[in-house]
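>>> Need a 3D model of the sequence below.
(chains A and B)
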There are 2 protein chains.
Amino acid sequence: MSAPPDPTIAKPEDPADRPRIALAGLLRSHEPPIPEALARLVRGLGPVDAWTAIVHGTAPSDVMDLVAPRLEGLGPAELNHRAADDLRRARAAGAELLGPDDPDWPADTFAGLDALVPYDGCRTAAAPLALYRRGGRWPTDAGRAVSVVGSRSATPYGQRIATELAAGLVAEGITVVSGAAFGVDVAAHRGALYAGDQPGAPQPAGGVTVAVLACGIDRSYPVAHRALLDAAAACGSVVSEYPPGAVPARHRFLVRNRLIAALGTATVVVEAGRRSGSLNTATSAGSLGRQVLAVPGPVGSAMSVGCHDLIRDRRAELVTGAEDVIGLVGPLVPAEPVHRPGDRATDGLDLVTARVHDALPARGGAPVDEVAAEAGLPMPDVLGALAELEMRDLAIRAGGGWRRSGGSTSPARRA
Amino acid sequence: MSAPPDPTIAKPEDPADRPRIALAGLLRSHEPPIPEALARLVRGLGPVDAWTAIVHGTAPSDVMDLVAPRLEGLGPAELNHRAADDLRRARAAGAELLGPDDPDWPADTFAGLDALVPYDGCRTAAAPLALYRRGGRWPTDAGRAVSVVGSRSATPYGQRIATELAAGLVAEGITVVSGAAFGVDVAAHRGALYAGDQPGAPQPAGGVTVAVLACGIDRSYPVAHRALLDAAAACGSVVSEYPPGAVPARHRFLVRNRLIAALGTATVVVEAGRRSGSLNTATSAGSLGRQVLAVPGPVGSAMSVGCHDLIRDRRAELVTGAEDVIGLVGPLVPAEPVHRPGDRATDGLDLVTARVHDALPARGGAPVDEVAAEAGLPMPDVLGALAELEMRDLAIRAGGGWRRSGGSTSPARRA
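Next up is the predicted model:
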């Protein structure tokens, strides 16, 4: 990497590519996660000016110290060439570079990563500056995605659960997010991709699945999953915050896990040994305020110990399948929310929930049994609806009972 | 039963038997559970005077109305003969009648039953007036007992778990309580009785197990479990609140379940279908303030659905074996605990955990990475050890890091 870039690929830049070249340069300027000083510079100046300041050495000295190991004494032209080269290599692999200015950058989804205090003793929480992405369908702030994670040495039981779970989720229009490892990851992607297909069908016809890599977007790791990753890119996406060519080093899996945790509305641990890396993903998800769910398994199975620990310690809710998960995260909110004038926060509620909302007083607080009587609905339905309304900020506990709340203007946007 | 008692067995009473004859008469005077008016009379007058008032028709009219269906127009002599006959039949079966005046009547254990509000829509909560008991070892107020319950159509998995669980509990001196049904009940008793034995050993050499019957103490139901019940009586006890000869009617199983729930410090549900009667035992245990525990199993097993429901709804703690249960209920309190000078809270830690404990500062708070560096251990090991130390009150989060905590004087005694 200390040799100058190959002049045959150092073609003049397309000015329209400048923002992406800046992002590509920034992604290569520090090993993720991005330290706060560098992230702050990019947020403050925007990627183009931040990158320019870095390549010309005019960025604040703390930032220059941070990026020095990767600049390797290269001048501005060489750095820009190298960044443009990253972009070309990504494009050759079918990937684009997506940044915070892109319309489908899930800003709310990643916002928590910047706010998150360091966890596991390392500062691995910062939001990505950009992501290389193959394929166009992935979690948006408005949509619903569930991360399905677990051991790479999953048992046949765990693999079956992961496949069935993912198939059940995509059947409800929920995007599946995982890594690309053996075991639970690949079983989840297969379930999402081939849900409803006949066995051996040549083309996937299932749902949207997203594979988050711990290596360059141009690499298939493990190699055995090349076809699977191609299918994921065709039906969903494959993403990476690492520059093209980056190797899947061990620490990158742990750092990558925070993205899997962030991209899911909930994270489900399907099988995990006591020290599985997927428990790290679960911890991140919990720290990000995402729901953490775990699937139980036979007592005595080492691959279920991590799940049982999570449930026992109340760090995860027990789920037995897609139905439980959907019950907790709610069904898919339509992918393209159209905001018409007159849209109300209660639009999109199911009939029972809407009826309970109607039955709530605007002031004071009505006990649950009064609400049930007013709505003419059985108590369990009312309790479920109140939980849903509370989650949507449409109901609030007050005076020993419940009343209506203002509600967010966009019920679809609850990260 | 409308015929007069057989004069050949209506021998003159032994005056020393009068209290037991009164209890036997009272047990036959109303189907359990005992209504509050009758229970109040017995508490107020004592069993002998209460029984005398009933047989002479001088008890309050609400009590007389309650017992009328069972008095069947019999006079005092006939009623006393019938009660004495019950006692003889029980003794012939090897059982004694145990009442609240007996020194090992677990008064505290049953107290909650009287205080309990009606549940399941029926008033089935009152404490038993007395119990027929074969065998002398059973839960005392001072001891520890765990009720192990579950489906009578348990899978081989559930039966194995029940057996291992019971064996692990009696190995710690904890009494096991269950019914006498096929499935989980019998597997639990076998585990308790034959813990540590060689397979096929002729004599049980294990722990104390208690079988609570839903029929007369002189009956073996199911018949296949006669030898098992004999073994339970030899090593623990078999108990019933029903008069000798009572048949195991369906409602008696549900009524009996409250006694199983009450006799255990905790109730563990090993396997339960969605509508298993053992869920009723779990509900009773919860209402009585006992710990409710459930064992997870493979998702998709109908016999684990009830357990998963309990855990998911936070009505039970997840446990994976005897170790978890003992961690929650505490080990058997030894009759005479020996505290050797020199015992320390850190005794019994594994090497890694002890090393992390040594690496913690006594004041302030060290970040995890500093602790890891100090201990010379990888981060995941340190995190696992810190969780363990925190659980034992040997480490505490402080100042953005961790420091040592005082620790309980006896790490084994965390209830």
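
>>> start to end distance for stretch A:230-246?
Start to finish, the residues bounding stretch A:230-246 are 19 Å apart (Cα to Cα, to the nearest Å).

>>> How about stretch A:309-316?
Counting by Cα to Cα, the length from the leading to the trailing residue of stretch A:309-316 is 9 Å.

>>> quick one: average pLDDT of that stretch?
Within the predicted structure, the mean pLDDT of stretch A:309-316 is 96.

>>> likewise stretch A:213-221?
If you average the pLDDT over stretch A:213-221, you get 94.

>>> now stretch A:387-394
Taken as a whole, stretch A:387-394 carries a mean pLDDT of 80.

>>> which other helices and strands contact the helix or strand bottoming out on mean pLDDT in chain A?
When the helices and strands of chain A are compared on mean pLDDT, DSSP states H and E, helix A:351-359 comes out lowest with a mean of 74. Other elements packing on helix A:351-359 under the criterion 3 or more Cβ pairs under 8 Å, 6 or more residues apart in numbering or on different chains; DSSP states H and E are helix A:368-375, helix A:379-391. For the C-beta atoms, the positions are set from N, CA and C on the backbone; glycine is no exception.

>>> For chain B, find the nearest of those.
Checking these against chain B by Cβ to the nearest Cβ gives helix A:379-391 as the closest, at 11.3 Å.

>>> Now do the helix or strand following that closest one: distance to the chain's middle.
Once the chain leaves helix A:379-391, the next helix or strand it forms, by DSSP states H and E, is strand A:395-398. Using Cα atoms, centre = their mean, to the nearest Å, we find the averaged C-alpha position of strand A:395-398 to lie 30 Å away from the chain's own average C-alpha position.

>>> what does stretch A:162-169 give?
Mean C-alpha position of stretch A:162-169 versus that of the full chain (Cα atoms, centre = their mean) differs by 17 Å.

>>> near chain B, anything from it?
No. On the criterion Cβ under 8 Å from any Cβ of the partner chain, stretch A:162-169 is out of touch with chain B, staying 8.7 Å away.

>>> Can you show me the CA trace of that stretch as CSV?
As requested, C-alpha coordinates have been extracted for stretch A:162-169 and formatted as CSV (Å, rounded to 0.1, in the frame of the first residue of the first chain):
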residue,chain,number,x,y,z
ALA,A,162,-33.3,-19.4,11.7
THR,A,163,-34.6,-20.4,8.3
GLU,A,164,-38.2,-20.7,9.4
LEU,A,165,-37.9,-17.5,11.4
ALA,A,166,-36.5,-15.5,8.5
ALA,A,167,-39.1,-17.0,6.1
GLY,A,168,-41.9,-16.0,8.5
LEU,A,169,-40.6,-12.5,8.8
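
>>> Go through it and flag the buried ones.
By neighbour count, with 16 or more other Cβ atoms under 10 Å in any protein chain shown as the criterion, the buried positions of stretch A:162-169 are A:162-169.

>>> Name the nearest of the residues you listed relative to A:Gly277.
A:Ala162 (15.4 Å; Cβ to Cβ).

>>> tell me the contacts of that closest one?
A:148, A:150, A:154, A:184, A:187-188, A:191, A:270-271 (Cβ atoms under 8 Å, 6 or more residues apart in numbering or on different chains).

>>> same check, this time on A:Ile161
A:270-271, A:295, A:297, A:321, B:299.

>>> circling back: filter the contacts of A:Ala162 down to the buried ones, ChimeraX style.
Here is the ChimeraX command that selects the buried residues among the contacts of A:Ala162 (16+ other Cβ under 10 Å):
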select /A:148,150,154,184,187,188,191,270,271
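
>>> In strands, which of the contacts of A:Ala162 appear?
Within the contacts of A:Ala162, membership in strands is found for A:Val148, as judged by DSSP state E.

>>> Need the max-distance pair from the contacts of A:Ala162.
Within the contacts of A:Ala162, two members stand farthest from each other by Cβ to Cβ: A:Gly191 and A:Glu271, at 14.1 Å.

>>> what's the first-to-last distance across stretch A:284-297?
Distance across stretch A:284-297, first residue to last, is 23 Å (Cα to Cα).

>>> Hmm, I typed the wrong one, I wanted stretch A:208-224.
With Cα to Cα applied, stretch A:208-224 spans 21 Å between its terminal residues.

>>> buried sites along it?
For stretch A:208-224, a neighbour-count test (16+ other Cβ under 10 Å) marks A:208-221 as buried.

>>> before we move on, back to that, pipe the contacts of A:Ala162 into a markdown table and attach distance to A:Thr281 and pLDDT per row.
Formatted as a markdown table, the contacts of A:Ala162 follow (distance: Cβ to Cβ, whole Å; pLDDT from 0 to 100):
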| residue | distance to A:Thr281 | pLDDT |
| --- | --- | --- |
| A:Val148 | 10 | 98 |
| A:Gly150 | 9 | 98 |
| A:Ala154 | 14 | 97 |
| A:Val184 | 11 | 97 |
| A:Ala187 | 16 | 97 |
| A:Ala188 | 13 | 97 |
| A:Gly191 | 18 | 95 |
| A:Val270 | 11 | 98 |
| A:Glu271 | 13 | 98 |
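
>>> just the contacts of A:Ala162 now: which is nearest chain B?
A:Val270 (9.5 Å).

>>> Phi first, then psi, for the closest one.
Comment: the main-chain dihedrals of A:Val270 come out as phi -90, psi -50, following degrees, to the nearest 10.
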